[in-house]
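[1] From the sequence below, what's the structure:
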Amino acid sequence: MGVRSLARGAPDVCWVCEKPVAAKSMSTPLIPRSEGPSEFRQLMRLALPLALMQAGHSAMGAVDTAVVGRTGPVQLAGVGLGNGLFFAIAFFGIGLMMGGDPLISQAIGAGDSVRARRLYWQAVYTALAASLVLALPVLVAMRLLRPFGIPADVAASASSFMAWRIPGLAPIFLFYAARSYLQAVGRARWLLYVTLAANVLNLAGDLLFVFGGQGLPLWTGPLRAIPPMGAAGAALVTSATTLLEFAVLARVVSRVPLPGRTASGLHAPVAADIRHILRVGTPIALHLCAEVGVFALAGFLAGRFGAASLAAHQVALTYGSLTFTFAAGLGNAGSVRVGYAVGARDTPLARRTGLLAFAIGTGFMGCMAVVFLLFPRALVAVMTDSPEVARLAIPLLAITAVFQVSDGIQGVGAGVLRGAGDTHFTFVANVVGHWLIGLPVALLLGFVAHQGVFGIWWGLCAGLSAVAVALAWRFLWLSAREIQPLAAAH
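    Modelled structure (predicted):
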C-alpha cells in the first residue's frame, strides 16, 4: 500500500489504490470511487496491517503478563493494576493524537498532501507537550494505591511498574502521531513491521529484566549482572521498545514523497492547527478515558477481593483486549476510508464503507466469542499456572465472550464516526454507557449481590452493550445526510 514516487515527470499515483491517475491540481481529490467488493478489498488492505499492529501492541502487554505471571500472583496483580492505571491516563494523550486522524485523512481525500504533512508535525508538537503534562497524574496515582486499600505488596509492584512506564509516555504519543500520517498516505504496513520487531525485542527483554541475568552463560558478560526486576523490568523494556518503534517510523515519514515543490515552513509550529487537533482530539481523549478508566476502576475494584481476583481480572482483560485490537484496527481503517470519502465530499461512499466495517467487525468478534466459550481452560493456562487464579479466570472468559460482539460494534463505530469528524457523540455515549449504566450494575452485582469479580465484569458487559447500540445508531443517522469535511466546518 505504499505511496509511489511522485517525482517530476512521473505520473501521479492514487494514495489509496496505487493506480496511476491523470495529472490533477492539488485541490482535486485522489480518492477512488470504489463500490461493493472493491471497497471491501480497499478496506481490508488497510484494516489488516492496522489490526495486526493493534494486536501486536496488545500482544506486548500479554507477553508482559505471561512472563511476569510466572513470578507469582503479587507481581501479576501489580502488572495488571499498574498497566490499567497507567493507560487510564495515557489514553487521554493517545486520544489527543487521534484528533489528527480525520484531519490528515480528509486532507488526503481532498488532494492536499502538503497540508497532511504539516498536520503530522503539529501532532508531533502536541505529543511532546502532552507527555510532559500527563506524567504528573501518573506520579499522583502511584501514591494513592495504598491509601485506597490496595495491599502493600501489590501496591509496591504496581508503583514500580508505573514509574518505569513514565519515560515511555512521549514515545507512545509520538508513535500515534506517526500512525495518523502513515495510515492516511498508504504506509500502514510499516506500522506492522515495527510492531512485529518490537514484540521480538520485548519478549527477549522481558525474559532478561523480569528474571535477571544470573543464569546466562559467562560469555554474556555484563548482562549477567542485571538483577531480577519483576514487574518493573517488564515496564522498562516496553518503554524502550516503544521509543525504538517511533525512531523507525519517523524515518519512514521523512521518506514519504510530496508532489511538486514542498511549501516552506513545513515543520514550523502552527498554533491554529494545533488547536484544531486538540479541538477534535479532546472528545476522543475523553471518550478513551471514559472507556479505559472504567476498566481501570474495575481492576481497582477487583483488587478489593484479593490478589487472585485481580490476577484473574487481568487474564480475562488481556484476552478481551487482544480480540478488541481487530475491531480497533478495523475502526482505524474505517476512519481513514470514511475520512477520504468525506474529504472528497462523497457521503454515500462514506456510508457504504462504515456499514461494511460494522459487518466485518461483528462477524470477527462473534467468532472470537465462540473460541472463548470452547477453550477457556487452555487459554487461561497460557497466562497463569496458579490454580486459584485459573478457577476465577475461566468463568470470567465466558463473560468476556458474551460482550465480544458489542465490543466489536463500539470499536468500529468509534472509528467510522471519527473519520466523519463526529467525536463529541462518541464521548457522550461512552460516559453514559460505561459510567451511568455499566458502573452502577458492576457495583450492585459485585458488592451488593456479593458476586465479586464476576459481578464487576457483568457491569462491564452492560456498559459496552449500551455504547455499541448508541454508536451504531449515530452513524446510521449521520450518514443519511451530507457530511461536511472538518476543514470546511472550521
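
[2] any idea which element the residue nearest to Phe326 when sequence neighbours are not counted lies in?
    Using C-beta to C-beta, 6 or more residues apart in numbering and skipping the chain neighbours, the partner closest in space to Phe326 is Ala51 (4.5 Å). Where you see a C-beta, it was placed from the backbone N, CA and C, and this is true even at glycine. Ala51 is part of helix 36-69, with elements assigned from DSSP states H and E.

[3] Who are the packing partners of the following helix or strand past that helix?
    Along the chain past helix 36-69, the next helix or strand (assigned with DSSP H and E) turns out to be helix 73-98. Judged by 3 or more C-beta pairs under 8 Å, 6 or more residues apart in numbering; DSSP states H and E, helix 73-98 is in contact with helix 36-69, helix 113-143, helix 152-165, helix 169-184, helix 231-254, helix 271-303, helix 307-343, helix 387-402.

[4] what about Phe375, neighbour count?
    Neighbour count for Phe375, taken as other C-beta atoms under 10 Å: 12.

[5] for Leu191, same thing?
    Neighbourhood size, Leu191 [other C-beta under 10 Å]: 27.

[6] Surely it is in contact with Arg179?
    Yes - using C-beta atoms under 8 Å, Leu191 is in contact with Arg179, at 5.8 Å.

[7] which residues are common contacts for those two?
    53, 249 (C-beta atoms under 8 Å, 6 or more residues apart in numbering).

[8] follow-up on the earlier one: starting from Ala327, give me the distance back to the residue nearest to Phe326.
    Counting by C-beta to C-beta, to the nearest Å, the gap from Ala51 to Ala327 is 8 Å.

[9] mean pLDDT lowest for which of the helices and strands packed on helix 73-98?
    When the helices and strands packed on helix 73-98 are ranked by mean pLDDT, helix 36-69 comes last with a mean of 80.

[10] Flag every buried residue along that helix.
    39-40, 42-69 (16 or more other C-beta atoms under 10 Å).

[11] and stretch 216-229, how far from the chain's centre?
    Stretch 216-229 has its C-alpha centroid displaced from the chain centroid by 34 Å (C-alpha atoms, centre = their mean, to the nearest Å).

[12] for stretch 282-290, same thing?
    Distance, stretch centre to chain centre, for stretch 282-290: 12 Å (C-alpha atoms, centre = their mean).

[13] Please apply the same query to stretch 237-244.
    The answer for stretch 237-244 is 16 Å, by C-alpha atoms, centre = their mean.

[14] so what's the closest residue to Thr195 other than its chain neighbours up against?
    Nearest non-adjacent residue to Thr195, counting by C-beta to C-beta, 6+ apart: Gly56, 3.5 Å away. The neighbourhood of Gly56, defined by C-beta under 8 Å, 6+ apart, consists of 192, 195-196, 198-199.

[15] Please check those residues and keep the buried ones.
    By 16+ other C-beta under 10 Å, these give 192, 195, 198-199 as buried.

[16] Next step: the residues you listed restricted to helices.
    Per DSSP state H, helices hold the following members of those: 192, 195, 198-199.

[17] picking that back up, return the most buried member of the helices and strands packed on helix 73-98.
    Mean neighbours per residue, mean count of other C-beta atoms under 10 Å, is largest over these for helix 307-343, with a mean of 28.

[18] quick one, that one and helix 169-184 angle?
    Interaxial angle of helix 307-343 relative to helix 169-184 (axes from the mean of the first three to the mean of the last three C-alpha atoms, to 10 degrees): 40 degrees.

[19] got the angle between the helix or strand just after helix 307-343 and helix 387-402?
    Counting by DSSP H and E, the next helix or strand C-terminal to helix 307-343 is helix 347-374. Angle of helix 347-374 versus helix 387-402, following the same axes, to 10 degrees, is 150 degrees.

[20] now helix 347-374, how far from the chain's geometric center?
    17 Å.

[21] for it, packing partners?
    helix 36-69, helix 307-343, helix 387-402, helix 404-419, helix 452-478.

[22] rerun at 10 Å
    helix 36-69, helix 307-343, helix 376-383, helix 387-402, helix 404-419, helix 452-478 (3 or more C-beta pairs under 10 Å, 6 or more residues apart in numbering; DSSP states H and E).

[23] Mind putting the ones you listed into TSV with distance to Arg352?
    What follows is the helices and strands packed on helix 347-374, written out as TSV (distance: least, C-beta to C-beta, whole Å):
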stretch	distance to Arg352
helix 36-69	6
helix 307-343	9
helix 376-383	36
helix 387-402	30
helix 404-419	11
helix 452-478	12
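
[24] Which stretch among the ones you listed approaches Leu445 most closely?
    Minimum separation from Leu445 across the helices and strands packed on helix 347-374 (C-beta to C-beta) falls at helix 452-478, 3.0 Å.
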